[in-house]
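1. Just to be clear, the model below is a prediction. Sequence and coordinates:
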Amino acid sequence: MEYLFKFIAIWFACLFKFIAGPILGSAANYSLLEIVLVTLAGMMSSVAMVTFLGEWFKSHWSLKVSEKKFTKKNRRIVKTWQKFGPAGVAAITPLILTPIGGSIILTAFNVRRRKIMAYMLLSGFIWSLVLGGSIHWLLSIPFFDFLLR
């Protein structure tokens, strides 16, 4: 029962911030496989919710903005989109954006749901392996193990 509560807590944290999975999974003494699974489950849950709700929201609500404002943040998003497309946005989502933020951007640029899910799944899998493996490797170094005691 305790394992299930830990898993659900880490999953819930991953809904909002990707890096929570590898960090909290390592703190819970999860294996690399468990870290990848809980991180992907959390990230893809929020991606699915935002993607499907975003499509529903766009089809049922029409928001009219009288003037378009280009802020520094908006310019960066558009510049990244023009350079790298949906795969680039999905690739930087776990590191810079939240799963929700990346999904909103991809939905706003009218990327198909199937592509959003595929790109985010691949990106999440790769980054959870890299970050989870890096944290496991760092914790295997005696110096860091000594610091954590």
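-> That came through, no problem. Numbers count the residues shown, from 1 in each chain.

2. going forward, measure contacts between C-alpha atoms and count neighbours the same way
-> Noted.

3. could you list every residue that touches the residue nearest in space to the middle of the chain?
-> Central residue of the chain (CA atoms, centre = their mean): Pro99, 3.4 Å from the mean position. The contact partners of Pro99, by CA atoms under 8 Å, 6 or more residues apart in numbering, come to 15-18, 43-44, 46-47, 93.

4. Apply 10 Å and report the result again.
-> 14-18, 42-48, 50, 90, 92-93, 120, 124 (CA atoms under 10 Å, 6 or more residues apart in numbering).

5. same thing with Gly42?
-> Gly42 neighbours (CA under 10 Å, 6+ apart): 7-18, 20-21, 99, 124.

6. could you redo the last one with a cut-off of 8 Å?
-> Contacts of Gly42 (CA under 8 Å, 6+ apart): 10-15, 18.

7. Could you say which helix or strand holds it?
-> helix 32-60 (DSSP states H and E).

8. pLDDT (mean, whole number) over that helix?
-> With pLDDT averaged residue by residue, helix 32-60 scores 88.

9. chain center to that helix, what's the gap?
-> 8 Å (CA atoms, centre = their mean, to the nearest Å).

10. Name the residues of it that come out as buried.
-> The neighbour-count check on helix 32-60 (16 or more other CA atoms under 10 Å) flags 32, 34-48, 50-51, 54-55 as buried.

11. Likewise for stretch 92-104?
-> Applying 16+ other CA under 10 Å to stretch 92-104 flags 92-94, 97-104 as buried.
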